[in-house]
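Participant: model this:
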Amino acid sequence: MEVHHPHHLTHKKKWHEYFLEFIMLFVAVSLGFFAENVRERQIEKHREISYLKNVHEDLLLDLNTIDTVMIVNQRRMVMLDSLFALLDKGDPPLADLYYYFRNMALRATFESSHIGFDQIKSAGGLRMIKNRDIISGIQQYENTLGSMYKLEETREHTLEQARFRLATVLDAKTNYIMTQEQLDGPVRFQRPKTPAPFFNNDRSTINELVNLTAFSVNTSRYLNQRLSKMKRIASELDEAILKEYGKEFNH
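Facilitator: Residues are numbered from 1 along each chain as shown. Okay, the predicted model is just below:
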């Protein structure tokens, strides 16, 4: 009877068997690596589209806010011109002075919607974005926004001084009545029907109050210039984003 013996444990494979196993292992590892790389790229691309969609929505909100703030700033400038026109005539109506001083002590501040911008920063900056126009637009927008916030801080400091001075000038009861009767909107205070004389009618104090008010309104002029620049940059950036990713936003 013929007996078949199994291969001995020390049996050696031929060189082409080792080579074939190496090729199969190499292909398997390579395919796994490429598959993982493709998956990571898809995830990063999805994030890129998602973040820039949020930037697009941020810009739409910002553009609307910019228009609103610029309109309010422009109204303050018109009020300042009207106040000086009254002062030039001499002996201006008391109700008008209350009206202008109270309303010009207000201000509209710009608050950027920053969801998409913050997401991009937390994800490691602009490395995921390949479009140079979008990268440049984001950098310009951020820089202009920073300088605009500094101007707002300057105006706020001046307005704070004006409000302290206003508290020493206006009659407390008239001021209280105006506060009770205030409206919603950029012009909140109405002319008081029966204004009491100023509590402090010192010429030097009134002059300081007018100057502080004028300084804050003049800062609003510079703010509108900065906001106008931001509006142009935001519009161009949004156009570049829509050109590159607009079709993807609808998926």
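
Participant: when you work out contacts or count neighbours from here on, use the C-alpha atoms and nothing else.
Facilitator: Will do.

Participant: off-centre distance for stretch 75-84?
Facilitator: 27 Å (CA atoms, centre = their mean, to the nearest Å).

Participant: list the contacts of P192.
Facilitator: A95, Y98, Y99, T174, I177, M178 (CA atoms under 8 Å, 6 or more residues apart in numbering).

Participant: where does T65 sit: helix, strand or coil?
Facilitator: What DSSP: H, G, I helix; E, B strand; the rest coil gives for T65 is helix.

Participant: before we move on, the earlier item: of the contacts of P192 - the most surrounded one?
Facilitator: Neighbour count (other CA atoms under 10 Å) singles out Y98 as the most crowded of the contacts of P192, with 24 neighbours.

Participant: Three-state assignment for it, please.
Facilitator: Strictly by three-state DSSP, Y98 counts as helix.

Participant: surely it touches R191?
Facilitator: Yes - using CA atoms under 8 Å, Y98 is in contact with R191, at 6.8 Å.

Participant: re the thing from before, quick one: which of the contacts of P192 is nearest R203?
Facilitator: Y98 (15.9 Å; CA to CA).

Participant: now that closest one: how far from A105?
Facilitator: Taking CA to CA, to the nearest Å as the measure, Y98 falls 11 Å from A105.

Participant: hmm, back to that, of the contacts of P192, closest to M70?
Facilitator: Set against M70, the nearest of the contacts of P192 by CA to CA is Y99 (20.9 Å).

Participant: state the phi and psi torsions of the closest residue in space to that closest one that isn't next to it in sequence.
Facilitator: In space, and not counting its chain neighbours, Y99 is closest to R191: 5.0 Å by CA to CA, 6 or more residues apart in numbering. With angles defined as degrees, to the nearest 10, R191 sits at phi -70, psi 130.

Participant: show me what contacts R191?
Facilitator: A95, D96, Y98, Y99, M178.

Participant: turn these into TSV, including distance to M148 and pLDDT.
Facilitator: Below are the contacts of R191 laid out as TSV (distance: CA to CA, whole Å; pLDDT from 0 to 100):
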residue	distance to M148	pLDDT
A95	34	95
D96	31	95
Y98	30	95
Y99	28	95
M178	32	93
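
Participant: any chance of those in JSON lines, plus distance to N201?
Facilitator: Listed next are these as JSON lines, based on distance: CA to CA, whole Å:
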{"residue": "A95", "distance to N201": "14"}
{"residue": "D96", "distance to N201": "15"}
{"residue": "Y98", "distance to N201": "13"}
{"residue": "Y99", "distance to N201": "16"}
{"residue": "M178", "distance to N201": "19"}
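
Participant: hmm, T109 is touching E152, no?
Facilitator: Yes - counting by CA under 8 Å, E152 is a contact partner of T109 at 7.2 Å.

Participant: more neighbours: which of these two?
Facilitator: Between T109 and E152, E152 has the larger neighbour count (other CA under 10 Å), namely 21 against 18.
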